[in-house]
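Asker: next comes the sequence, and after it the predicted model I'd like to discuss.
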Amino acid sequence: MKILVTGAAGYVGSVLTPLLASHGHEVVAIDCNEDRLRRLEAALPFGSHVELYPYSLDDLARKPALFKGVEGVVHLAGVSGDAAAETDPAQTWHVNVESAFAVGRAAKKAGVRRFLFASTAAIYQVPTGHRLQHAILEEDDQPPAESSLGVYARSKLAAERALAELADASFLVILVRKGSLYGYSPVMRWDLALNRVVLDAWRGSSFVLHDHGIVWRPIAHVFDAASAYVCLLTIPLAEMNGGLFSVVERNARLVDLTAEVDEVVRRVLGRGLVLRHGTSLVPQRTGRISGDGLRRVGWRPRRSLADGVSELLGRLVWRTADTLGEAVTASTNSHLAARVLK
């Protein structure tokens, strides 16, 4: 199968692209960051069929030839996360909504059959104290209308609705709402909460746990998120049973997640987390999702939080503090830039 991946050299993309190649798929890898594309190229399996293109989404939408022979698109590219989205809301809306729709329209015109859109479980989140704080929401549950969302979640929800207008019998739009990701990727994101906890533990720095860590998070390892896309690309269309799926290994409170991380850190490093407790100045958002839809089509998570933490620590101990500091700074800066790719 020939697959086009946008954001192919981002955090999820740099795991998904080699995974698709290892399964024998041809991949057209699109990413606007040439440095990340070089890192992706180094991570590809020997003999893989991957074409790398340093294009923006606007470039891609104007290059129909790149969709020739493509059977499925995985659209990962976008401004990712609340902090990056709030930096330039207008740019976030252009990239996450307008450009996503333009790419979807170009894919449909070119005859692509499946279009997988990377969305977020953040659209289900509600402020602490909300009546749905402890509910487990199913894929077909609508986000609470009275729950105000940030720019990032609003842009993803708007893109979902716009892309759904393109769907018909010949163009299947599959919405993939991922929970909070963690774990090692060739292109790391140290700003993600669980990755940051591990990094701070390795450095001996403190991590601030707001409001006793009472908020819920649906979590999944980045490898399992990538494998979910492979699953949705390859199962027969007749088995899809709807076009909306949530990626989650399980739901847990932050206080419990940090306790699990602490246990692994103590075993590997011989010392635990340094936690500081604080009170958030704004209501924190919380949410739980079921993820049953993916399990019904055969997907199962294979990596646990302990696996992810152990792998991150194993890689960190081989790097010097100076080198790591440069890498973390570069990761954070690129994430906050308007052209960040997931």
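Answerer: Sure thing, it's come through.
Asker: which residue is the nearest non-sequential neighbour of residue 76?
Answerer: Excluding its sequence neighbours, the residue lying closest to residue 76 (Cβ to Cβ, 6 or more residues apart in numbering) is residue 7, at 3.5 Å. C-betas here are computed from N, CA, C, even on glycine.
Asker: so what's that neighbour scoring on pLDDT?
Answerer: Listed pLDDT for residue 7 reads 97.
Asker: quick check: which ranges of the stretch 1-150 of the chain have low pLDDT?
Answerer: 144-148 (pLDDT under 70).
Asker: for it, what spans make up the helices?
Answerer: Per DSSP state H, counting those that start in this stretch, the stretch 1-150 of the chain carries helices over the ranges 13-22, 34-43, 57-61, 82-87, 89-93, 100-109.
Asker: the residue nearest to residue 76: neighbour count?
Answerer: By other Cβ atoms under 10 Å, 29 other residues sit near residue 7.
Asker: coming back round to it: and of the helices of the stretch 1-150 of the chain, who's closest to residue 276?
Answerer: The closest of those to residue 276 is helix 82-87. By Cβ to Cβ, the value is 19.9 Å.
Asker: show me what contacts the closest residue to residue 182 other than its chain neighbours?
Answerer: Nearest residue to residue 182 in three dimensions, chain neighbours excluded: residue 194, at 3.7 Å (Cβ to Cβ, 6+ apart). Taking Cβ atoms under 8 Å, 6 or more residues apart in numbering, we find residue 194 in contact with 180, 182, 219, 257, 261, 305, 308-309.
Asker: and the helix or strand hosting residue 315, average pLDDT?
Answerer: Here residue 315 sits within helix 305-316, counting by DSSP states H and E. Average pLDDT, helix 305-316: 95.
Asker: what average pLDDT does stretch 177-190 get?
Answerer: Stretch 177-190 comes out at a mean pLDDT of 96.
Asker: end to end on it, go ahead and measure it.
Answerer: The separation between the terminal residues of stretch 177-190, taken as Cα to Cα, to the nearest Å, is 21 Å.
Asker: and it, how far out from the chain's middle?
Answerer: 6 Å (Cα atoms, centre = their mean, to the nearest Å).
Asker: returning to that earlier point: what's next to the helix holding residue 315, contact-wise?
Answerer: 182-184, 194-195, 198-199, 201-202, 219, 221, 257, 260-261, 263-265, 268-269, 324.
Asker: okay, buried residues for that helix please.
Answerer: Of the residues in helix 305-316, 305, 308-313, 316 count as buried by neighbour count, 16 or more other Cβ atoms under 10 Å.
Asker: same question for stretch 132-139.
Answerer: 132-133, 135-137, 139.
Asker: stretch 86-106: how far from the chain's middle?
Answerer: When distances are taken as Cα atoms, centre = their mean, stretch 86-106 is centred 16 Å away from the chain's centroid.
Asker: ignore the last one, stretch 233-253
Answerer: 14 Å.
Asker: one more: stretch 276-290?
Answerer: Relative to the centre of its chain, stretch 276-290 is centred 20 Å away, using Cα atoms, centre = their mean.
Asker: likewise stretch 170-179?
Answerer: 13 Å.
Asker: for that stretch, buried residues please.
Answerer: 171-179.
Asker: next, format the helices of the stretch 1-150 of the chain as TSV and append distance to residue 127.
Answerer: Below are the helices of the stretch 1-150 of the chain laid out as TSV (distance: least, Cβ to Cβ, whole Å):
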stretch	distance to residue 127
helix 13-22	32
helix 34-43	35
helix 57-61	32
helix 82-87	14
helix 89-93	20
helix 100-109	27
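Asker: got the buried residues for stretch 1-14?
Answerer: Neighbour-count burial for stretch 1-14 flags 2-14 (criterion: 16+ other Cβ under 10 Å).
Asker: pLDDT weak spots in the stretch 151-300 of the chain?
Answerer: Ranges of the stretch 151-300 of the chain meeting pLDDT under 70: 241.
Asker: swap in 90 and give it another go.
Answerer: 207-214, 236-243, 275-288 (pLDDT under 90).
Asker: and the helices in it, which stretches?
Answerer: Using DSSP H, counting those that start in this stretch, the helices of the stretch 151-300 of the chain run over residues 151-164, 193-203, 222-234, 254-269, 292-296.
Asker: mind putting the ones you listed into TSV with distance to residue 81?
Answerer: Shown next, in TSV, are these (distance: least, Cβ to Cβ, whole Å):
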stretch	distance to residue 81
helix 151-164	6
helix 193-203	10
helix 222-234	14
helix 254-269	16
helix 292-296	22
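Asker: between those, which one is nearest to residue 209?
Answerer: helix 254-269 (6.2 Å).
Asker: what lies in contact with that closest one?
Answerer: So helix 254-269 is contacted by 193-194, 197-198, 201-202, 207, 209, 212-215, 217, 219, 252, 271-273, 275, 305-306, 309-310, 313-314 (Cβ under 8 Å, 6+ apart).
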